[in-house]
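Visitor: Sequence isn't available, so here's the structure alone:
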C-alpha cells in the first residue's frame, strides 16, 4: 500500500506565492496514468497560480479562502466549496484576494507534468498580453 500524508509533505514553493503538494503525479510516491491530483496553498493577499494554459483539462476545488478566478475572457470570485472546470487549452489564473491562505485541490487529466510549473521556476512563463493572451478586464496582474 502506498500512502501519502499532506501534513508531512513539504511540496514545492513557487515564485508567484504558493506551495503545491502533489498527491498523485509530480514528486509524489503515488502515480496514476489518467489523472494528477494535489493541494495548492496560495499566500494571503496575492498568492497566485499565474496565467497559463495546458493540454490537460482540469478542475479547481476551493477548500478554504477566496480567490479571483480568471478563465479565458471571464473573471469571477470563487470561495470555499466552489469548483471550476478548466477546459483543455484555455488560459487561466487564480489569485488569493483574502488575508488568509487560500487552499484548493486541483485535478487534471491525463496525468503528467504541466509546462507552467517548470516555466515559473525558470522565469520563462509567458506574460499575459505579451507571450500569452491578455487577462480579462479588471483582473489582478500576473505575478511572474
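Guide: Nice, I can see it. Being a predicted model, the structure only gives us computed values, none of them experimental.
Visitor: hey, let's count contacts and neighbours off CA atoms from now on
Guide: Will do.
Visitor: close enough to count as contact, residue 134 and residue 128?
Guide: Yes. Between residue 134 and residue 128 there is a contact at 4.7 Å, judged by C-alpha atoms under 8 Å.
Visitor: How about residue 20, nearest residue that isn't a chain neighbour?
Guide: Nearest in space to residue 20, with sequence neighbours left out and distances taken as C-alpha to C-alpha, 6 or more residues apart in numbering, is residue 40 at 4.5 Å.
Visitor: Residue 129 against residue 141, yeah?
Guide: No. Using C-alpha under 8 Å, residue 129 is not in contact with residue 141; the gap is 10.5 Å.
Visitor: Going along the chain, name the strands of this protein.
Guide: Here the chain has its strands, by DSSP state E, at 12-14, 18-24, 36-42, 48-52, 57-64, 66-71, 74-79, 83-86, 92-96, 102-109.
Visitor: can you tell which of these is closest to residue 124?
Guide: Residue 124 lies closest, by C-alpha to C-alpha, to one member of those: strand 48-52, at 11.5 Å.
Visitor: which neighbours does that closest one have in its sheet, and in what orientation?
Guide: Strand 48-52 has its sheet partners listed here by DSSP bridges as strand 92-96 (antiparallel).
Visitor: lowest average confidence, helix or strand, in this protein?
Guide: Across the helices and strands of the chain, mean confidence by mean pLDDT, DSSP states H and E is lowest for helix 115-122: a mean of 92.
Visitor: And the most centrally placed residue in the chain, how close does it get to residue 107?
Guide: Nearest to the geometric centre of the chain sits residue 49, at 4.3 Å (C-alpha atoms, centre = their mean). To residue 107, residue 49 is 14 Å away according to C-alpha to C-alpha, to the nearest Å.
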